[in-house]
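Asks: need coordinates for the below:
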Amino acid sequence: QVQLQESGPGLVKPSQTLSLTCTLSGGSITTNYYYWSWIRQPPGKGLEWIGFIGYSGNIHYNPSLKSRTSISRDTSRNQFTLQLSSVTPEDTAVYYCARDDRGLAVMDYWGQGTQVTVSS
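Replies: Model prediction:
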């Protein structure tokens, strides 16, 4: 059974870098043809896709966040990570990791989400 679990600090100071890790169990992040996404939902707003890393290691970012975003993976630990630099209070959100089957922007498995607050 596929399970995704986000982990990382719940509070980040402005101008610092937000770092989150997603751990996959019940599968492998290198299995064809899955893409592993980061998505967020600010309070009172809709979902925003941040980016993904694919089964072969290819990476694609939301253009609006690309300059501040880095996604990477550790295949030995079956994990993928998100780093978002120079955060502001507008980056406060619930952050989710999710699986996208074939890169069609349809997420079939989600983590439970983790609240990240940007505040001094």
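
Asks: center of the protein - which residue?
Replies: Centroid check for the chain by CA atoms, centre = their mean gives residue 38 as the closest residue, at 2.5 Å.

Asks: now that residue. Nearest residue, chain neighbours left out?
Replies: residue 50 (4.1 Å; CB to CB, 6 or more residues apart in numbering). From N, CA and C alone the C-beta is placed, and that goes for glycine too.

Asks: return the residues in contact with that neighbour.
Replies: Each residue near residue 50 by CB atoms under 8 Å, 6 or more residues apart in numbering is listed here: 37-40, 61-62, 65, 69, 71, 82, 84.

Asks: at 10 Å instead, please
Replies: Neighbour list for residue 50: 37-40, 61-62, 64-66, 68-69, 71, 82, 84, 93, 95-97 [criterion: CB atoms under 10 Å, 6 or more residues apart in numbering].

Asks: ok so, going back, check what pLDDT the residue nearest to the centre of the chain gets.
Replies: Note on residue 38: pLDDT of 98.

Asks: tell me the SS of residue 22?
Replies: Three-state call for residue 22 (DSSP: H, G, I helix; E, B strand; the rest coil): strand.
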